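J.: Sequence plus the predicted model coming up.
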Amino acid sequence: MQSLFLPVAVIVLDQITKGLVEKAVQNGVSIPVLGGLIHISRVHNPGSSFGVLKTPTVPIAVTCLAVIAWVIVVLTGTDKRLGRTFQVGAGLIVGGALGNLIDRVRLGSVIDFIDFHIWPVFNVADTAVCVGAAILVYNLVMGNPGGRNN
């Protein structure tokens, strides 16, 4: 059951932040915060990969569901043998993928709002997926691909 806490926490945080941005910021508007270091810029991303790829919603949704199903099967099937680091990485990926999938189903696009002006606009779910993937890659590079406990 604890393997579900992190994905659910990511989904809740992602949806709350997107909801706040939807209510407070007009689409296409950019508000500087932290002395202009970062901007809150509401954009609707119909594509994937930080808005770079213009992929139709159905293939993205099918891919997200396939990845989520695979990670859930891995987590539930071998939960006792997997290390904590793997569980965290996989949990972040599942939570982030589901957070963006909720937007795609609800709106047909994903709400992005974190804007550094030197990188495409992104959101909490995107951050979770990237951090989770980095954790899993780190495990692979460090010779512990499954994050298994020794």
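T.: Happy to help now that I have it. Numbers count the residues shown, from 1 in each chain.
J.: For the longest strand seen in the chain, C-alpha coordinates in PDB please.
T.: Across the chain, the longest stretch assigned as strand under DSSP state E is strand 38-45. In PDB, the C-alpha atoms belonging to strand 38-45 read as follows (Å, rounded to 0.1, in the frame of the first residue of the first chain):
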ATOM      1  CA  ILE A  38      10.800  32.300 -12.800                       C
ATOM      2  CA  HIS A  39       7.400  33.100 -14.400                       C
ATOM      3  CA  ILE A  40       4.000  31.500 -14.000                       C
ATOM      4  CA  SER A  41       2.900  31.200 -17.600                       C
ATOM      5  CA  ARG A  42      -0.400  29.400 -18.300                       C
ATOM      6  CA  VAL A  43      -0.200  27.400 -21.500                       C
ATOM      7  CA  HIS A  44      -2.200  24.500 -22.800                       C
ATOM      8  CA  ASN A  45       0.200  21.900 -24.300                       C
END
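J.: got the contact list for that strand?
T.: 21-22, 25-33, 51, 107, 109-117, 121 (Cβ atoms under 8 Å, 6 or more residues apart in numbering). Quick note: C-beta positions are derived from backbone N, CA and C, even for glycine.
J.: any idea which helix or strand of this protein has the worst average confidence?
T.: The weakest-scoring helix or strand in the chain, judged by mean pLDDT, DSSP states H and E, is helix 57-77 (a mean of 66).
J.: quick one, helices of the protein?
T.: 5-24, 57-77, 84-107, 124-141 (DSSP state H).
J.: could you dump those to a markdown table with distance to N45?
T.: Listed next are these as a markdown table, based on distance: least, Cβ to Cβ, whole Å:
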| stretch | distance to N45 |
| --- | --- |
| helix 5-24 | 11 |
| helix 57-77 | 10 |
| helix 84-107 | 9 |
| helix 124-141 | 9 |
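J.: Now the weakest link among those helices, please, by mean pLDDT.
T.: The minimum mean pLDDT among the helices of the chain belongs to helix 57-77 (a mean of 66).
J.: ok, back up a step: for the longest strand of the chain, which positions count as buried?
T.: Under the neighbour-count criterion of 16 or more other Cβ atoms under 10 Å, strand 38-45 has 39-43, 45 buried.
J.: Lowest pLDDT pick from these?
T.: The minimum pLDDT among these falls on N45, with 84.
J.: ok, L107 to V33 distance?
T.: Here the distance between L107 and V33 works out to 24 Å (Cβ to Cβ, to the nearest Å).
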